[in-house]
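Colleague: Would you be able to build a 3D model of this:
(one chain, ligands or ions: 2)
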Amino acid sequence: MFIKIKDLELRKLEFNETLGPGVIDLGEDLVQKTPLLTTGRAELIRENRGAHEVIEDIRLVGSFSTEIDALCARCLEPVHNAVAEKFDLLYRPLGVDARSEEVSISQAETEIGYYQGEGVLLEDVLKEQILLALPVKQVCGPNCKGLCPQCGKNLNVESCDCATSMPDPRWSALEDIRKKLEQ
Ligand SMILES: [Zn+2]
Ligand SMILES: [Zn+2]
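Modeller: Ligands and ions are numbered 1, 2, ... in the order given. The predicted model follows:
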């Protein structure tokens, strides 16, 4: 859903969207498991900059919820997350703060972002909010043993001999042959 500044010039926009898995591209490491539900409103905020300049910001206030599987940083198994967050965001035209030194932010609680061109894509906003809501690194549990760095086995479900510095059986077979040749 594209939120156009031109539409907001006429009226506030209420949204109530259901976004199925795949609508938002979350990359390879995150999987959306349930439809994302979001409700909220978009409105135009006019900011006066100096005597003559008025900039048009987009304010987005709302909430969303969904369920996301992330990968355990140690064993790469899915880690389930129920995500439910509120947001109150202000999007300024891109570049407007670069040339203005004094920025008066009236809503101290509001996060500032930037929009380019005609407006903002709600899906992009939600993607960013999902990523912010999830921990950067997750583990499936505090006792996750992870993957064996040598053979790649998931040490939570099976053990391997690498940790005890035992040679790989294929190499020990070669070693046996070598010993026989030396005899
Ligand atoms: Zn794990
Ligand atoms: Zn191993």
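
Colleague: Contact partners for the spatially most central residue of the chain?
Modeller: Centroid-nearest residue in the chain: L131, 2.0 Å away (criterion: C-alpha atoms, centre = their mean). Counting by C-beta atoms under 8 Å, 6 or more residues apart in numbering, L131 touches L26. To be clear about C-beta, it is placed using only N, CA and C from the backbone, and glycine gets the same treatment.

Colleague: a strand runs through it, doesn't it?
Modeller: No - checked against DSSP: H, G, I helix; E, B strand; the rest coil, L131 lies outside a strand; its state is helix.

Colleague: who in this structure is up against ligand 1?
Modeller: Residues of the chain lying near ligand 1 by C-beta under 5 Å from the ion: C72, R74, C75, C140, C144.

Colleague: which two of those lie the greatest distance from each other?
Modeller: For the residues of the chain next to ligand 1, the maximum inter-member distance is 7.5 Å, found between R74 and C140 (C-beta to C-beta).

Colleague: got a list of what the nearest residue to L19 once chain neighbours are set aside touches?
Modeller: In this structure, L19 finds its nearest non-sequential neighbour in L36, 4.4 Å apart by C-beta to C-beta, 6 or more residues apart in numbering. Contacts for L36 (C-beta under 8 Å, 6+ apart) come out as T18, L19, G20, V23, I24, F64, S65, T66, L126, I130.

Colleague: helices or strands up against the top strand by length along the chain?
Modeller: As assigned by DSSP state E, the longest strand anywhere in the chain is strand 53-71. Judged by 3 or more C-beta pairs under 8 Å, 6 or more residues apart in numbering; DSSP states H and E, strand 53-71 is in contact with helix 5-10, strand 31-32, strand 36-49, strand 78-93, strand 119-121, helix 122-133.

Colleague: Next, format these as TSV and append distance to R178 and mean pLDDT.
Modeller: TSV is the format used below for the helices and strands packed on strand 53-71 (distance: least, C-beta to C-beta, whole Å; pLDDT from 0 to 100):
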stretch	distance to R178	mean pLDDT
helix 5-10	75	95
strand 31-32	48	96
strand 36-49	60	95
strand 78-93	44	95
strand 119-121	63	96
helix 122-133	53	95
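
Colleague: Phi first, then psi, for N16.
Modeller: phi -150, psi 90 (degrees, to the nearest 10).

Colleague: shouldn't it be in contact with G62?
Modeller: No - between N16 and G62 there is no contact under C-beta atoms under 8 Å: 9.3 Å.

Colleague: ok, those two, which is more surrounded?
Modeller: Taking neighbours as other C-beta atoms under 10 Å, N16 and G62 compare with G62 leading, 22 against 10.
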